[in-house]
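Peer 1: only geometry, no sequence info:
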């Protein structure tokens, strides 16, 4: 299993738009075989940092999701929404492997 960690720098004045964007992506990740663990919006501390975590059974399946999402109309609409609203200023992506007891 591989877990993708996304750290976003968002426009603090567009948190509603970012939350809408987040709600678009949760079912889309699941549509392509992933498990979404949620988005985490600013609360205390920095007002412009948001996080997302989701997992795929393997890095190969994650890569398949990335490729397939480029041809998916709903994914493309979500990408366009973020571009149109400019709610995301930047992001970074890292991958982790979970350790369970």
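Peer 2: Ah, there it is. What you see is a predicted model, and the numbers here were worked out from it, not measured in a lab.

Peer 1: quick one, helices of this structure?
Peer 2: For the chain, the helices identified by DSSP state H occupy 15-31, 59-69, 73-85, in order along the chain.

Peer 1: quick one, what contacts the residue nearest to residue 5 when sequence neighbours are not counted?
Peer 2: In space, and not counting its chain neighbours, residue 5 is closest to residue 94: 4.7 Å by C-beta to C-beta, 6 or more residues apart in numbering. Every residue, glycine included, has its C-beta placed from N, CA and C. Each residue near residue 94 by C-beta atoms under 8 Å, 6 or more residues apart in numbering is listed here: 4, 5, 7.

Peer 1: and residue 94, how far from residue 7?
Peer 2: Applying C-beta to C-beta, to the nearest Å, one obtains 8 Å for the distance of residue 94 from residue 7.

Peer 1: ditto for residue 93
Peer 2: Taken as C-beta to C-beta, the span from residue 93 to residue 7 is 8 Å.

Peer 1: returning to what we had before: so which of the helices of the chain gets nearest residue 48?
Peer 2: Distance to residue 48, taken as C-beta to C-beta, is lowest for helix 15-31 among these, at 8.9 Å.

Peer 1: what's the angle between that closest one and helix 59-69?
Peer 2: 120 degrees (axes from the mean of the first three to the mean of the last three C-alpha atoms, to 10 degrees).

Peer 1: please enumerate residues in contact with helix 15-31?
Peer 2: Contacts for helix 15-31 (C-beta under 8 Å, 6+ apart): 8, 10-11, 35-36, 38-39, 41-42, 50, 52, 54, 65, 69, 72, 74-75, 77-78, 81-82, 85, 87-88.

Peer 1: angle of that helix against helix 73-85?
Peer 2: 160 degrees.
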